[in-house]
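Q: Structure for this input, please:
(one chain, ligands or ions: 1)
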Amino acid sequence: MQPKDLLSLSEQFGSPLYVYDAQKIESQYTRLTSAFSKVNSLRINYAVKALSNISILRLFKNIGAGLDTVSIQEVQLGLHAGFEAEKIIYTPNGVSFEEIEEAAQLGVQINIDNLSVLEHFGTKHPKVPVCIRINPHVMAGGNSNISVGHIDSKFGISIHQMPHILRIVENTGMHINGIHMHTGSDILDIEVFLYAAEILFDAAKNFRELDFLDFGSGFKVPYKKGDIQTDIEELGKKLSKRFNAFEKEYGRALTLAFEPGKFLVSEAGFFLAKVNVVKQTTSTVFAGIDSGFNHLIRPMLYGSQHHIENISNLKGKERFYTVVGYICETDTFANNRRIHEINEGDILCFHNAGAYCFSMSSNYNSRFKPAEVLWYKGKGILIRERETLEDLLKNQVAIDIE
Ligand SMILES: *Cc1c(COP(=O)(O)O)cnc(C)c1O
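A: Next comes the predicted model:
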């Protein structure tokens with residue numbers, strides 16, 4: 001997508017606006033499948049929570065992906081978008097037993113990450129095949145909020161509890177058809193990933209009827225120049241080789257599964273916002289936009305640095321700005337950032353706005369959520385309307401107060 005395309009979309013659909021480039025999503029998907037082309041059976045389950053618009057889900061259906069879901073509502077959205085239940089894996093953490101049963105009823109692949117749930121589920125539904133989420137205790141990644149593999153993590157069943165898992169499986173007669181790990185959303189190092197994979201292979205040997213091994217996700221994408229990113233091609237080469245060797249040793253056809261969110265959609269997304277005010281203070285120049293952390297919370301929540309481009313003045317002189325939102329508390333998108341000279345009314349473009357941006361947005365300060373547009377075959381298609389006052393009032397009950 002060119003900056004001029006984005007600028008014209010902001011004129012056509014207004015701001016703030018999320019735009020997703022379908023072609024970029026497809027090329028990331030192809031990059032991943034090509035990297036693992038030597039594996040006989042590969043399955044990519046897109047992690048819905050990254051960006052859950054049903055048109056995005058349909059795009060993934062069209063290119064042959066499955067879905068990774070973490071709530072019953074995501075399962076329902078996937079089914080609504082036209083996915084067959086068999087193409088959906090459900091990997092909840094800390095949800096009610098009833099919700100897991102509901103998902104099983106809908107026919108999706110269940111992934112269990114708790115011993116007591118495993119025992120309860122296996123006792124009640126011994127015929128439903130279940131995948132087990134293992135915690136291999138491999139620390140991967142920089143951000144402690146999204147690193148989930150450490151010893152005290154609430155995710156997965158500890159690899160050290162394998163004897164307990166096996167006892168439950170034997171006692172209940174349940175059928176384990178998959179083994180899973182997801183070590184967190186910030187893997188820096190391929191060697192760390194491969195090390196965790198070895199732990200998963202070892203765990204897999206305990207089960208005779210596996211259909212798939214799921215290596216989760218955690219692929220890192222670059223946010224700014226010089227950022228480290230996961231070398232997918234290198235990982236593909238090394239892990240495919242190990243996987244194929246393991247499959248032979250295991251003596252049964254296995255599917256290699258992944259469930260990326262960020263890798264598939266982060267770079268395809270752009271967030272466009274208009275500069276309401278430029279404000280000089282004693283120490284800095286603020287550019288205040290018509291949005292805030294209600295629409296894009298990652299900088300405030302994770303300290304993530306989204307590249308910001310002034311698409312209204314691409315040739316302007318570069319100056320230093322602190323880009324802030326309109327929320328009535330600290331609401332900073334970028335500190336002391338070099339950006340082409342900003343005038344009031346300019347459109348700023350935030351890069352890497354595909355993953356965990358709209359899906360984490362809220363109505364804080366009673367603001368409307370932005371519209372979403374899919375850039376598809378050279379055209380901008382509205383895939384979510386901007387909210388209106390009716391949306392804010394929709395579920396509220398006004399009582400008479402005397
Ligand atoms: C969030 C999540 C993912 C996706 O992680 P990314 O870093 O966005 O690729 C995959 N699997 C599970 C179980 C998750 O919770």
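
Q: Do stretch 68-87 and the ligand come into contact?
A: Yes - counting by Cβ under 6 Å from any ligand atom, contacts between stretch 68-87 and the ligand involve 68, 70. For the C-beta atoms, the positions are set from N, CA and C on the backbone; glycine is no exception.

Q: Give the buried residues for the lowest-mean-pLDDT helix or strand in the chain.
A: Every helix and strand in the chain was compared by mean pLDDT, DSSP states H and E; the lowest is helix 190-204, with a mean of 92. Within helix 190-204, the residues that count as buried by 16 or more other Cβ atoms under 10 Å are 190, 192-193, 196-197, 199-201, 203-204.

Q: just curious, which of those residues is nearest to the ligand?
A: Using Cβ to the nearest ligand atom, F193 comes nearest to the ligand of the buried residues of helix 190-204, at 12.5 Å.

Q: That closest one and L235 touch, don't they?
A: Yes - counting by Cβ atoms under 8 Å, F193 does reach L235; the two are 6.3 Å apart.

Q: related to what we said a few turns ago, TSV for the buried residues of helix 190-204, including distance to F358?
A: What follows is these, written out as TSV (distance: Cβ to Cβ, whole Å):
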residue	distance to F358
I190	30
V192	30
F193	28
A196	30
A197	32
I199	35
L200	32
F201	37
A203	36
A204	36
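
Q: Which residues are in contact with M174?
A: By Cβ atoms under 8 Å, 6 or more residues apart in numbering, the residues touching M174 are 118, 121-122, 125-126, 128, 130, 168.

Q: The residues you listed: which two are farthest apart?
A: The most widely separated members of these, counting by Cβ to Cβ, are V128 and I168 (14.3 Å).

Q: higher neighbour count, those two?
A: Taking neighbours as other Cβ atoms under 10 Å, V128 and I168 compare with I168 leading, 22 against 18.

Q: Please report how far the more buried one lies from the ligand.
A: According to Cβ to the nearest ligand atom, to the nearest Å, I168 stands 21 Å off from the ligand.

Q: how about the nearest residue to that residue, chain neighbours excluded?
A: Once flanking residues are discounted, I168 sits nearest to E119: 4.8 Å by Cβ to Cβ, 6 or more residues apart in numbering.

Q: Could I get the pLDDT score of that neighbour?
A: Residue-level confidence at E119 comes out at 98, pLDDT.

Q: Next, the contact list for T91, please.
A: 68-70, 111, 113, 133, 180, 182, 259.

Q: Kindly recompute the last result at 6 Å.
A: 70, 111 (Cβ atoms under 6 Å, 6 or more residues apart in numbering).

Q: now do I168
A: Residues in contact with I168, defined by Cβ under 6 Å, 6+ apart, are 118-119, 122.

Q: tell me the secondary structure for it?
A: Three-state assignment for I168 (DSSP: H, G, I helix; E, B strand; the rest coil): helix.

Q: before we move on, the earlier item: check which residues of the helix or strand that the least confident helix or strand of the chain is followed by are buried.
A: Downstream of helix 190-204, the next assigned helix or strand under DSSP states H and E is strand 212-214. By neighbour count with 16+ other Cβ under 10 Å, strand 212-214 contains the buried residues 212-214.

Q: Mind putting the residues you listed into TSV with pLDDT and distance to K87?
A: Shown next, in TSV, are the buried residues of strand 212-214 (pLDDT from 0 to 100; distance: Cβ to Cβ, whole Å):
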residue	pLDDT	distance to K87
F212	98	13
L213	98	17
D214	97	14
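
Q: So for stretch 55-69, what gets flagged as buried?
A: Within stretch 55-69, the residues that count as buried by 16+ other Cβ under 10 Å are 55-61, 63, 65-69.

Q: of the contacts of M174, closest to the ligand?
A: V130 (15.2 Å).

Q: Verify the stated contact: the closest one with V108.
A: No - checked against Cβ atoms under 6 Å, the pair V130 and V108 is beyond contact range at 11.5 Å.

Q: Tell me the residues of this protein that contact the ligand?
A: For the chain, the residues in contact with the ligand (Cβ under 6 Å from any ligand atom) are 47, 49-50, 68, 70, 91, 182, 185, 216-219, 259-263, 355.

Q: re earlier: count the residues that sit near the residue nearest to I168.
A: 19.

Q: same question, S8
A: For S8, the count of nearby residues is 12 (other Cβ under 10 Å).

Q: Am I right that it is in a helix?
A: Yes - assessed with three-state DSSP, S8 lies in a helix.

Q: Kind regards, and thank you for your time.
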